[in-house]
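> sequence plus the predicted model coming up.
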Amino acid sequence: MSIDPARLRNWPIPDIEQSYTERDTMLYALGVGYGDAPLDSKQLRYVYEQNLQVLPSMSVVLGYPGFWLGNEDTGVDWRKVLHGEQGFEIFKPLPPKATVVGRSRVTGLFDKGAGKGAVLLSERDVVDKATGELLCRLTSTTMLRGDGGFGGPSGPLPVPHALPERAPDLSLRIATSPRAALLYRLSGDYNPLHADPEVARKAGFDKPILHGLCSFGVVCRALVELCCDGDPTRLTKMQVRFSSPVYPGETIVTEVWNDAEGHVSFRAKVAERDVVVINNGLAAVSRR
């Protein structure tokens, strides 16, 4: 089955009402590696209910509609789906517990040509059900590697942020756990690519890869520490391009450039392979 572009552009992604608790907030933090130093007070505040803090990248698991591209009626070859880009904008600091509504929509579909795949753009607004306030807006680019050649437009696609052509100003190494993907998936992304060795092999990987959004969360951790004096509420925007997969157990090195007031550029590498895995990063940091 090939994709029907008009149908996919207008795919009825249902609104998702989600009630999450402090337990879910702590589980997300454990999934991106907090708690590996359980006596570190900076880590403990994300995984212990007393004065619990929320990492802004947790926004990506709120109101999540599930792996809807895995529905065979979309016509998408779901085994060849990869996450290309991700961003968030935080309008109000995320509470440790709440009931939220996620409203997702497809915002673009582009054809790279037969054998080259397609690109799907989407957005999700996350609203506090009790107050009606918009907490955050998420943007995502998904690579449909097996679905090009349907005759659609090739662009315009978002232009990636250009990094400075100088050595980075700051860096931080964070090791991931060999079981990171198995733990992170409990926050809602059950794509078997990240758990089932046979599915991973059929998709062209030696073994299950880490969720791109787990790597995203690890880099978010680094930005909060390097650029926000450890205050997660100061990180209000983050946009990245995923350039290569991470395998659970590898070490992610985040490199940061200080840009104009309130903005930083960044990328991340895997130390063991010296491969850039997150590129063209741009973040906004508010003053205290």
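Good, I have the coordinates.

> point out where this structure drops to low pLDDT.
Low-confidence regions of the chain, defined by pLDDT under 70, span residues 1, 288.

> partner residues bridging the nearest residue to residue 163 once chain neighbours are set aside?
Counting by Cβ to Cβ, 6 or more residues apart in numbering, residue 163 lies nearest to residue 265, which is 5.1 Å off, once chain neighbours are set aside. The way it works is simple: take the backbone N, C-alpha and C, and place the C-beta from them, glycine included. Residue 265 forms beta bridges with residue 257, residue 282, as assigned by DSSP bridges.

> so who does residue 265 touch?
161, 163, 164, 256, 257, 259, 281, 282 (Cβ atoms under 8 Å, 6 or more residues apart in numbering).

> likewise residue 287?
234, 262.

> what about residue 151, how many residues nearby?
Under the neighbour criterion other Cβ atoms under 10 Å, residue 151 is assigned a count of 9.

> other SSEs contacting the helix ranked longest in the chain?
Using DSSP state H to define each element, the chain has its longest helix at helix 212-227. For helix 212-227, the packing partners by 3 or more Cβ pairs under 8 Å, 6 or more residues apart in numbering; DSSP states H and E come out as helix 22-31, strand 81-90, strand 170-175, helix 180-184, strand 235-242, strand 251-258, strand 263-270, strand 275-285.

> now these in TSV, with distance to residue 226?
Output for these, formatted as TSV (distance: least, Cβ to Cβ, whole Å):
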stretch	distance to residue 226
helix 22-31	18
strand 81-90	18
strand 170-175	5
helix 180-184	21
strand 235-242	10
strand 251-258	5
strand 263-270	8
strand 275-285	10
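
> looking at these, which is nearest to residue 3?
Counting by Cβ to Cβ, residue 3 lies closest to strand 81-90 out of these; the figure is 11.7 Å.

> and the next helix or strand past that closest one?
Per DSSP states H and E, the first helix or strand lying C-terminal to strand 81-90 is strand 98-111.

> tell me the strands beside the helix or strand following that following strand, with direction?
Downstream of strand 98-111, the next assigned helix or strand under DSSP H and E is strand 118-128. Partners of strand 118-128 in the sheet, by DSSP bridges, are strand 98-111 (antiparallel), strand 134-144 (antiparallel).

> let me know which of those is tucked in deepest.
Counting by mean count of other Cβ atoms under 10 Å, strand 134-144 has the highest mean neighbour count of the strands paired with strand 118-128, with a mean of 20.

> and the nearest residue to residue 255 once chain neighbours are set aside, how far from residue 200?
Leaving aside its sequence neighbours, residue 255 sits nearest to residue 168 (Cβ to Cβ, 6+ apart; 3.8 Å). According to Cβ to Cβ, to the nearest Å, residue 168 and residue 200 sit 32 Å apart.

> the more surrounded of these two?
Shown here are residue 168 and residue 200; by other Cβ under 10 Å, residue 200 has more neighbours (20 against 16).

> in terms of helices and strands, where is the more buried one?
Residue 200 belongs to helix 197-202 when assigned by DSSP H and E.

> next up, the contacts around residue 215.
242, 246, 252, 268, 277, 278.

> excluding its backbone neighbours, what's nearest the spatially most central residue of the chain?
When Cα atoms, centre = their mean is applied to the chain, the residue found nearest the centroid is residue 213 (3.1 Å). Residue nearest to residue 213 in three dimensions, not counting chain neighbours: residue 60, with 5.1 Å by Cβ to Cβ, 6+ apart.

> this completes my enquiry, with thanks.
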